[in-house]
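Enquirer: got a predicted model here, sequence first, then my questions.
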Amino acid sequence: MLENFTAETLARMQFAFTVSFHIIFPAFSIGVASYLAVLNGLWLKTHDQTYLFLFNYWKKIFAVAFGMGVVSGIVMSYQFGTNWSVFADKTGPILGPLMAYEVLSAFFLEAGFLGIALFGRERVGNGLHMFAVCMVAFGTLMSATWILSVNSWMQTPVGYSINDVGQFIPEDWWQIVFNPSFPYRLVHMVMAAFLTTALVVGGVGALHLLRNKADAAARRMFSMAMWMLIVVAPLQIVAGDLHGLNTLAYQPVKVMAMEGHYDSHPEGGPLILFGIPNPEEKRIDYAIQIPKLSSLILKHDLNAPLAGLDTIPDEDEPPVTVVFWSFRIMISLGFAMLGLGVWSLWRRIRGRFYDDDLLKRAAIVMAPMGFVAVLAGWVTTEVGRQPFTVYGLLRTTDSLAPIEAPAVAVSLIAFIIVYFFVFGAGTYYILRLMNKPTATSDLEINDGPIRTAQNQFSEKINADPDSGAQGDNRGI
Amino acid sequence: MEFELSFIWAMIIAFAVLTYVILDGFDLGIGILFPSAKSEQDKSVMMNTIAPVWDGNETWLVMGGGGLFAVFPLAYAVIMPALYMPIILMLLALIFRGVAFEYRWRTVRWKPVWDFAFCAGSVVAAFTQGISLGALVQGIEVANRAYAGGWWDWLTPFSLLTGCAVVIGYGLLGSTWLIMKTEGDLQTRMRGYAKWLGIATLGFIGVVSMLTPFQDPAYFQRWFTLPGSIFSVLVPGLVGLCTWLLFIGLKQKKEAQPFLASLGLFVLSFIGILVSFYPNIVPPSLTIVEAAAPDSSLKFTLVGTMVLIPLILIYTAYAYWVFRGKVKPEDGYH
């Protein structure tokens, strides 16, 4: 099946596959970790049981998603070496320390406090438990910060020199960490994670509201999620625009591919809304475009000249079709999120927030769209970086490990089978947890604070009147 | 100066790898011993002894890999392609093992599937780690800053032997951990297993130690010239001491002593490997100094490491302390 591919193609497929699977889990767990911290904080402050209930409800979902994120992340940290060892050798002196800081300041923090956050409330008390929950949330954000610094340096490398064996050598760590695209990428990604979580929480709330409009927990999560959406979606669009301008300054070729500008436009470039990229003929077929709008957006001047892909050598051109489409998917979903937020705000102002079933259905449809938008955004920026791993300096072709195609093919197939099996099952379990009713009165006994007590066993124990108390720990 | 920095880093990486081996060693050991559980209650107790800490334990593996990438990028770039198959297998096995912690509580029908995944994942992860160790001891062919061998080079009788050794050794760690963390019938059975696993582990340590000098004559030389010969005298003596403490502890039904003695055996074996390798980071020819990243990378990373590793050790110890004591079957299920 795969014998016609080169080791490089297979290794790229493998990286794209494993990293795409991986990003789904952190994109969700970054948001949920912060949401849990907010819920627990609100419960401690207000003593409103609904917050505690929601904390315990989302805690179980978080635990499954976090577990999947951890195991898929370990694969990433080794894949640089197994498949891209030349890249690892050359960029290790710069990217390695950043990743080491990610491990030291984020992974250990998350993992170290996760046990207490999940099982330890009764063992350490509410105060320390809250601290542990905050440390987990802080750890997820730290992790995002470091890894986005790494990725951004690959996009906009600065502060380095190159030694006689071809390694990138750090000259200025401040410049390296805070490289030109890093602040934009970090803000854009963290907000994307928050939006993704808000959409999922909103969708789950909407689902339970459709079943029972009076469900207090469902109302609370639906309301919180829609507030989040209306605040963050507009900010995200602004941040995305600024990120795009930053890309124009440092990676203009990527913007050409995003815009579908095969040709240069000396008197103002059109904004191509839709069309079919035709890489052979180097044009966009059936383009629907608004004249000069691209120049206005990118240069704030209707007649500003815009260079096209005709100005760069063919071997430096990224795959236009992929970038063109993924960019449009991301943008469309961004505006759809804004639309949902505005709709919900309008309903809220009119006092019919919990009554509009169409709004709830729309929220359910939108629930997974954050993941789609995150993936589309990453495809845009990563495929747009091609054919380089370190932009303009190290080609993807020159980054590959000295491995043989059959080895990569076998491992790629293994990854595909295992990921679909394992993460498919995990996603199914998460969906099942989300489908569980929220508002049953006996919920806190049967299913509430105990995260993992195995089901059969806990039922047996529950039947015993002496041990029917609630508890949050598993007594470990 | 460069020598000292890279040497300090070699020590830190060695520390991270050792910490991983002993911490995830008993986690994986519990997976290896999972089929010995007689009841659902046994299984849940066994798993619950490590549920709050396994994630932190596994992070040391990321630290080992990430740290190697950071400070010895060349070693990382050589070892990973050389050990391609065992590393990929280990990662896949760790995926099954890791998700089983959550999944098995989320389903009734498929619980046996995830129990099997937990056990098989642990066995395969331990076995491939042992294979990787054996392949590393045998040496990795390097030319022009890259791995120069084939993709089956790691598979030899010696690496299979070290693979088995690690599975058995982790089993010993797991059984003695359970002696410390459980009581009653499960604890009694673990005492029985620990005795045989202890004997087998010592057998493997002996055989691997005997065969190691034949993998590379340099190992022989390092052990029998100063300063290595100091260890040649000390290490066997200390292994004897740990062995005595282990079996006496088992006989006198001590709670923690068998576990600590088993940890001691692992630490000593690890020191033995370090003495054999030094001054190389990848035998037979890549030295610590050659593989090291430039000073600016080493210094930048060292500053944070010196602050963060002690902090990590403190809060990790705190997490263990919070979840100290015996795990009782009735705990947490009310």
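Expert: Yep, it's here.
Enquirer: so which bits of the helix or strand hosting B:T128 are buried?
Expert: For B:T128, the host element (DSSP states H and E) is helix B:111-138. Residues B:111, B:113-115, B:117-138 are the ones in helix B:111-138 that count as buried (16 or more other CB atoms under 10 Å in any protein chain shown). C-beta: built from backbone N, CA, C; applies to glycine.
Enquirer: ok, stretch A:414-427 next?
Expert: Result for stretch A:414-427 [16+ other CB under 10 Å]: buried residues A:415, A:418-419, A:422-423, A:425-426.
Enquirer: just the CA coordinates for that stretch, please, in CSV.
Expert: The C-alpha trace of stretch A:414-427 is given here as CSV (Å, rounded to 0.1, in the frame of the first residue of the first chain):
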residue,chain,number,x,y,z
ALA,A,414,0.8,1.1,13.5
PHE,A,415,0.2,4.6,14.6
ILE,A,416,-2.9,4.9,12.5
ILE,A,417,-4.4,1.7,13.8
VAL,A,418,-3.6,2.3,17.4
TYR,A,419,-4.7,6.0,17.4
PHE,A,420,-8.0,5.3,15.8
PHE,A,421,-8.6,2.4,18.2
VAL,A,422,-7.4,4.0,21.4
PHE,A,423,-8.5,7.6,20.8
GLY,A,424,-11.7,6.5,19.1
ALA,A,425,-12.6,4.6,22.3
GLY,A,426,-11.6,7.6,24.4
THR,A,427,-13.7,10.0,22.4
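Enquirer: is that stretch up against chain B anywhere?
Expert: Yes. Using CB under 8 Å from any CB of the partner chain, stretch A:414-427 comes into contact with chain B via A:414-415, A:418, A:422, A:425-426.
Enquirer: which one of the residues you listed is nearest to B:D295?
Expert: A:F415 (37.2 Å; CB to CB).
Enquirer: which residues touch that closest one?
Expert: Counting by CB atoms under 8 Å, 6 or more residues apart in numbering or on different chains, A:F415 touches A:14, A:17-18, A:75, B:92.
Enquirer: same question, B:V62
Expert: A:73-74, A:77, A:103, A:107.
Enquirer: please redo it, this time with the cut-off set to 10 Å
Expert: For B:V62, the contact set (CB atoms under 10 Å, 6 or more residues apart in numbering or on different chains) comprises A:70, A:73-74, A:76-78, A:99-100, A:102-103, A:107-108, A:111, B:16, B:20.
Enquirer: and the helix or strand bottoming out on mean pLDDT in chain B, what does it pack onto?
Expert: Least confident helix or strand of chain B, by mean pLDDT, DSSP states H and E, is helix B:217-224 with a mean of 78. Using 3 or more CB pairs under 10 Å, 6 or more residues apart in numbering or on different chains; DSSP states H and E, the elements in contact with helix B:217-224 are helix B:184-215, helix B:228-251, helix B:257-277.
Enquirer: could you dump those helices to JSON lines with mean neighbour count, mean pLDDT and distance to chain A?
Expert: JSON lines is the format used below for the helices and strands packed on helix B:217-224 (neighbours: other CB atoms under 10 Å in any protein chain shown; pLDDT from 0 to 100; distance: least, CB to the nearest CB, whole Å):
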{"stretch": "helix B:184-215", "mean neighbour count": "17", "mean pLDDT": "90", "distance to chain A": "15"}
{"stretch": "helix B:228-251", "mean neighbour count": "16", "mean pLDDT": "88", "distance to chain A": "23"}
{"stretch": "helix B:257-277", "mean neighbour count": "21", "mean pLDDT": "90", "distance to chain A": "16"}
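Enquirer: right, so of those, which gets closest to A:T82?
Expert: It is, among the helices and strands packed on helix B:217-224 and with distance given as CB to CB, helix B:257-277, at 21.6 Å.
Enquirer: what about the residue in the stretch 201-350 of chain A positioned nearest to chain B, how many residues nearby?
Expert: Chain B sits closest to A:V204 of the stretch 201-350 of chain A, with a gap of 16.5 Å, by CB to the nearest CB. By other CB atoms under 10 Å in any protein chain shown, 27 other residues sit near A:V204.
Enquirer: where does it fall, secondary structure wise?
Expert: Judged by DSSP H and E, A:V204 forms part of helix A:182-211.
Enquirer: just A:I272 next, same as before
Expert: Going by DSSP H and E, A:I272 is in strand A:271-278.
Enquirer: who touches that strand?
Expert: A:257-262, A:283-298, A:319-325, A:328, A:331-332.
Enquirer: 6 Å instead?
Expert: A:260, A:284-290, A:293-294, A:320-321, A:324 (CB atoms under 6 Å, 6 or more residues apart in numbering or on different chains).
Enquirer: these into TSV, with extra columns for secondary structure?
Expert: Listed next are those as TSV, based on DSSP: H, G, I helix; E, B strand; the rest coil:
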residue	secondary structure
A:G260	coil
A:I284	strand
A:D285	strand
A:Y286	strand
A:A287	strand
A:I288	strand
A:Q289	strand
A:I290	strand
A:L293	helix
A:S294	helix
A:V320	helix
A:T321	helix
A:F324	helix
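Enquirer: from the residues you listed, which would you call buried?
Expert: Counted by 16+ other CB under 10 Å, the contacts of strand A:271-278 give A:260, A:284, A:289, A:293-294, A:320-321, A:324 as buried.
Enquirer: can you lay out those as a markdown table showing distance to A:M189?
Expert: Supplementary listing: the buried ones among the contacts of strand A:271-278 in a markdown table, determined by distance: CB to CB, whole Å:
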| residue | distance to A:M189 |
| --- | --- |
| A:G260 | 24 |
| A:I284 | 29 |
| A:Q289 | 30 |
| A:L293 | 27 |
| A:S294 | 25 |
| A:V320 | 24 |
| A:T321 | 24 |
| A:F324 | 22 |
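Enquirer: nice, that's everything, thank you.
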